[in-house]
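> Provide a 3D model corresponding to the input given below.
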Amino acid sequence: MKTFLRFVAKKTEGKTKCFEVYSTHSEDYLGSIHWRSGWRCYVMSYDMAIDMSLSCQKELVAFMDNLENERKKEVKE
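Residues are numbered from 1 along each chain as shown. This next block holds a predicted model:
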């Protein structure tokens, strides 16, 4: 399976893991995965103002899947 993302562990104190995320295609920095204590879950931070939990990511993926499916139907018609 082709991978699009590269995850690099960041050195942290304690047991909570943090990762920097990079594009395997361009090597651009995409954001970081870290624990958001107020949310009590890991989040992906795209910049200082954007955090997305796993449930937010799933909702985004479902919406985009729906868009792709609608487009495929329109192209066939």
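> identify the residues contacting Met52.
Counting by CB atoms under 8 Å, 6 or more residues apart in numbering, Met52 makes contact with Val43, Met44, Tyr46, Leu60. (C-beta placed from N, C-alpha, C; glycine too.)
> now secondary structure, neighbour count and pLDDT too, for those, in TSV please.
Formatted as TSV, the contacts of Met52 follow (DSSP: H, G, I helix; E, B strand; the rest coil; neighbours: other CB atoms under 10 Å; pLDDT from 0 to 100):
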residue	secondary structure	neighbour count	pLDDT
Val43	strand	20	96
Met44	strand	19	95
Tyr46	strand	13	90
Leu60	helix	11	92
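> any chance of CSV for those residues, columns distance to Glu68?
Formatted as CSV, the contacts of Met52 follow (distance: CB to CB, whole Å):
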residue, distance to Glu68
Val43, 25
Met44, 21
Tyr46, 21
Leu60, 13
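> out of those residues, which is nearest to Val8?
Met44 (14.0 Å; CB to CB).
> what ranges do the helices span in the protein?
54-76 (DSSP state H).
> so where's it shaky on pLDDT?
By pLDDT under 70, the chain contains no weakly predicted segment.
> picking up where we left off before, out of the contacts of Met52, the closest to His34 would be?
For those, the residue nearest His34 by CB to CB is Val43; the value is 6.7 Å.
> now do the same contact list for that closest one.
Residues in contact with Val43 (CB under 8 Å, 6+ apart) are Ile33, His34, Trp35, Arg36, Asp51, Met52, Ser53.
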